[in-house]
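Asker: Model the structure of this input:
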Amino acid sequence: MPRTTVDIEKPILKELKLLQKKEGKSLGRLVSELLSESISRRRDGKRRPSSFKWNSRPMKPRIDISDKDVLYAVLDGDGEMPSRSGES
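Answerer: Below is the predicted model:
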């Protein structure tokens, strides 16, 4: 069997080693099987849909940046928003 070096991210390697212990297979055999399954799914067009979902919403200003006093108070302050005049 050919040999090669592959750089694997630490969290992935940790998961692989857990699977290796659970299944009692060599790391090389386990990686080969997992890659084979993934390549087969891609080739057949059966890619698993991504579980990532992008959530977004419109951002609205929390202060009036044209009011320099309010702007400076926020920039110089401890992160608290000054109350606007007329608000309770």
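
Asker: any idea how far residue 41 is from residue 30?
Answerer: Per C-beta to C-beta, to the nearest Å, residue 30 is found 17 Å from residue 41. Glycine gets a C-beta too; all of them are placed from N, C-alpha and C.

Asker: ok, those two, which is more surrounded?
Answerer: residue 30 (17 against 12; other C-beta atoms under 10 Å).

Asker: Which residues are in contact with the closest residue to the more buried one other than its chain neighbours?
Answerer: Spatially, and ignoring its direct neighbours in sequence, residue 30 is nearest to residue 20 (5.4 Å; C-beta to C-beta, 6 or more residues apart in numbering). Going by C-beta atoms under 8 Å, 6 or more residues apart in numbering, residue 20 touches 26, 27, 30.

Asker: And for residue 19?
Answerer: Residue 19 neighbours (C-beta under 8 Å, 6+ apart): residue 30.

Asker: which one of the contacts of residue 20 is nearest residue 59?
Answerer: residue 30 (45.2 Å; C-beta to C-beta).

Asker: From the contact counts, what lies against the helix or strand containing that closest one?
Answerer: For residue 30, the host element (DSSP states H and E) is helix 27-43. For helix 27-43, the packing partners by 3 or more C-beta pairs under 8 Å, 6 or more residues apart in numbering; DSSP states H and E come out as helix 10-23.

Asker: Can you check what angle separates the helix it packs on from helix 27-43?
Answerer: 110 degrees (axes from the mean of the first three to the mean of the last three C-alpha atoms, to 10 degrees).

Asker: about what we covered before: any idea how far the residue nearest to residue 30 lies from residue 39?
Answerer: Distance from residue 20 to residue 39, by C-beta to C-beta: 20 Å.

Asker: Also residue 18?
Answerer: Distance from residue 18 to residue 39, counting by C-beta to C-beta: 22 Å.

Asker: can I get the contacts of residue 20 in a markdown table with pLDDT and distance to residue 2?
Answerer: Formatted as a markdown table, these follow (pLDDT from 0 to 100; distance: C-beta to C-beta, whole Å):
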| residue | pLDDT | distance to residue 2 |
| --- | --- | --- |
| 26 | 93 | 15 |
| 27 | 92 | 15 |
| 30 | 93 | 17 |
